[in-house]
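Participant: this one's sequence-less:
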């Protein structure tokens with residue numbers, strides 16, 4: 001361990017809130033943090049750095065071609081030489097983590113996100129194995145994701161199940177949902193929210209169809225689909241367009257209000273780790289309807305803390321209507337979910353654990 005604060009080079013998207021927030025948390029816990037990477041279109045502007053964190057923007061290059069991959073590896077190797085880190089943390093296993101592994105980053109902490117492992121094709125699985133083979137620590141945010149890394153060859157002793165965590169003070173229930181909805185400019189009536197991205201993996205077409213079915217049965221219900229990320233998405237004709245609000249990109253600091261305004265939040269991706277936005281919805285007291293994925297096992301009780309459904313519009317609609325028509329059940333589920341988020345997803349606890357492991361690896 002060096003006498004000074006250990007220098008941590010973080011490789012990841014410069015405008016992704018997960019990367020930024022985790023980097024800030026590690027800077028607050030005694031690391032000299034430098035973030036290097038590219039920005040992704042639709043994720044907003046690169047933020048002004050805080051907490052003494054420095055940002056280095058790497059040249060743009062595609063990770064889908066051999067030439068682009070070689071260019072990214074060269075850029076990572078160059079920034080490692082310039083920064084001279086004591087340890088490297090790289091996000092997205094078959095992306096920056098694999099590039100860092102090939103570029104010679106040592107010691108390396110690889111951060112798996114979910115689909116980088118759970119939906120990997122053959123080439124990506126090879127890249128994942130390279131990243132894991134050359135890492136001293138591999139972090140995933142669910143037991144299912146950690147098990148998948150072990151199946152790729154990672155030793156159990158080097159795998160840590162650490163989540164992104166939730167700011168349980170910022171993400172807290174509303175005392176008056178109607179007032180929050182009014183502040184957001186939304187009409188009166190129970191609100192059903194889709195807080196996930198509109199990318200195909202999150203099944204926005206199924207969500208939209210389910211919303212239409214709910215609207216047929218609950219005449220005063222309102223529906224919001226939003227995303228942390230910009231980008232054009234053709235969702236086709238909207239059912240009950242007077243009650244469907246496609247908000248699109250929402251700055252992260254406004255997310256708590258949308259989550260606490262909703263009686264029900266729907267998240268039905270085809271693949272996921274332990275999604276931060278779902279835990280934030282639970283912390284805000286919104287009852288959640290979730291697709292049946294491995295990350296739920298042992299984490300969320302499908303009878304008292306969430307409603308778990310197949311990825312099917314009618315099943316989603318039935319679950320949502322059941323909660324809207326039984327407010328006592330929804331309130332009990334919301335309270336249970338809030339308590340669970342406080343108990344298991346406090347960001348301060350999760351980042352303390354991560355910082356300790358990274359310190360030990362330096």
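Facilitator: Perfect, I can see it now. Here the structure is a predicted model, which means the values were calculated and not measured.
Participant: Domain-wise, how is the chain divided?
Facilitator: Domains of the chain are assigned by automatic domain parsing as 7-165+346-361, 177-344.
Participant: so for the first one, what's the average pLDDT?
Facilitator: Per-residue pLDDT values over domain 7-165+346-361 give a mean of 95.
Participant: Can you get me the start-to-end distance on it?
Facilitator: Terminal residues of domain 7-165+346-361 lie 12 Å apart, using Cα to Cα, to the nearest Å.
Participant: Please, where are all the helices along the stretch 51-200 of the chain?
Facilitator: Along the stretch 51-200 of the chain, the stretches classed as helices by DSSP state H, counting those that start in this stretch are 66-83, 98-103, 115-118, 122-133, 143-151, 177-183.
Participant: would you turn these into a markdown table with mean neighbour count and distance to residue 246?
Facilitator: In this view, the C-beta of every residue, glycine as well, is placed from N, C-alpha and C. Below are the helices of the stretch 51-200 of the chain laid out as a markdown table (neighbours: other Cβ atoms under 10 Å; distance: least, Cβ to Cβ, whole Å):
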| stretch | mean neighbour count | distance to residue 246 |
| --- | --- | --- |
| helix 66-83 | 16 | 33 |
| helix 98-103 | 26 | 36 |
| helix 115-118 | 23 | 24 |
| helix 122-133 | 18 | 31 |
| helix 143-151 | 19 | 30 |
| helix 177-183 | 15 | 16 |
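Participant: How about the secondary structure of residue 9?
Facilitator: strand (DSSP: H, G, I helix; E, B strand; the rest coil).
Participant: who's in contact with the residue nearest to it when sequence neighbours are not counted?
Facilitator: Excluding its sequence neighbours, the residue lying closest to residue 9 (Cβ to Cβ, 6 or more residues apart in numbering) is residue 85, at 3.7 Å. Residue 85 sits next to 7, 8, 9, 34, 105 when contact means Cβ atoms under 8 Å, 6 or more residues apart in numbering.
Participant: Quickly find the element holding the fourth one.
Facilitator: This means residue 34. Residue 34 is part of strand 32-37, with elements assigned from DSSP states H and E.
Participant: For that strand, what is the distance to the chain centroid?
Facilitator: 20 Å (Cα atoms, centre = their mean, to the nearest Å).
Participant: Parallel or antiparallel, list what pairs with that strand.
Facilitator: Under the criterion DSSP bridges, strand 32-37 sits next to strand 7-11 (parallel), strand 54-57 (parallel) in its sheet.
Participant: and among the ones you listed, the most buried is which?
Facilitator: Across the strands paired with strand 32-37, averaging neighbours per residue (mean count of other Cβ atoms under 10 Å) puts strand 7-11 on top, at a mean of 26.
Participant: Not counting that strand itself, show me its contacts.
Facilitator: 19, 22-23, 26, 31-37, 76, 79-80, 83-91, 96-97, 99-100, 105, 358.
Participant: Kind regards, and thank you for your time.
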